[in-house]
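Q: Output the structure for:
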Amino acid sequence: MITSNEDGQVRIVLDAFDTLFNKRDYASAERFWSPRYIQHSAHIAPGRDGLFELVKGLPATLRYENHVAAASGDFVILHGRFSGHGLPAAWVVADIVRMADGVLAEHWDVIQDEATREQSRSGLPMFGDSFPA
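A: The predicted structure is shown next:
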């Protein structure tokens, strides 16, 4: 069962992702990420600054869409899609965030290129209910 605190943490993480990746509002995004943010992703330089600099360097077409969000204790897990990043395929990503004091404190991810209908051996999309166009 998700507690009201966990539900609030999911909302914070979803708002944080929307503010940074979709709105590109870096000043507002700072309030969501701890100044001592720990980054475990192999694609992102250390800390909050590493994350923000990565996003600043990506095309304005970058978009994040969420499909599933869940929380347990201090952890929030998102299943989402990053598109418009300039690579041939969108990324379907499981983001794992540890919350502390109401902000994103630590992050891990698992990233896959999104499969087309022709590439999918299961015949099912990796994200949502339909394959990418």
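Q: Okay, and the beta partners of the residue positioned nearest the centre of the chain?
A: In the chain, the residue lying closest to the centroid (Cα atoms, centre = their mean) is Asp95, at 5.3 Å. The partner list for Asp95 in beta bridges (DSSP bridges) reads Leu78, Asp109.
Q: Against Gly123, how distant is it?
A: Look at Asp95 and Gly123: by Cβ to Cβ, to the nearest Å, they are 26 Å apart. For the C-beta atoms, the positions are set from N, CA and C on the backbone; glycine is no exception.
Q: Just give me how far the longest helix seen in the chain sits from the chain centre.
A: Criterion DSSP state H: the longest helix present in the chain is helix 4-17. Here helix 4-17 shows a centroid-to-chain-centroid distance of 12 Å under the convention Cα atoms, centre = their mean, to the nearest Å.
Q: Output the contacting helices and strands for it.
A: Where contact means 3 or more Cβ pairs under 8 Å, 6 or more residues apart in numbering; DSSP states H and E, helix 4-17 is packed against strand 63-72, strand 75-83, strand 91-100, strand 103-113.
Q: In contact with Pro59: list those residues for me.
A: Counting by Cβ atoms under 8 Å, 6 or more residues apart in numbering, Pro59 touches 84-86.
Q: quick one: low-confidence parts of this protein?
A: 1-5 (pLDDT under 70).
Q: element containing Arg121?
A: Counting by DSSP states H and E, no helix or strand carries Arg121.
Q: same check, this time on Phe52
A: Going by DSSP H and E, Phe52 is in helix 47-56.
Q: Convert that helix to PDB, retaining C-alpha atoms only.
A: The C-alpha coordinates for helix 47-56 follow below in PDB (Å, rounded to 0.1, in the frame of the first residue of the first chain):
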ATOM      1  CA  GLY A  47      25.800  16.100  -8.800                       C
ATOM      2  CA  ARG A  48      22.900  18.400  -9.600                       C
ATOM      3  CA  ASP A  49      25.200  20.600 -11.700                       C
ATOM      4  CA  GLY A  50      26.100  17.500 -13.900                       C
ATOM      5  CA  LEU A  51      22.500  16.800 -14.500                       C
ATOM      6  CA  PHE A  52      21.500  20.300 -15.300                       C
ATOM      7  CA  GLU A  53      24.500  20.800 -17.600                       C
ATOM      8  CA  LEU A  54      23.600  17.600 -19.500                       C
ATOM      9  CA  VAL A  55      20.000  18.800 -20.000                       C
ATOM     10  CA  LYS A  56      21.200  22.300 -21.100                       C
END
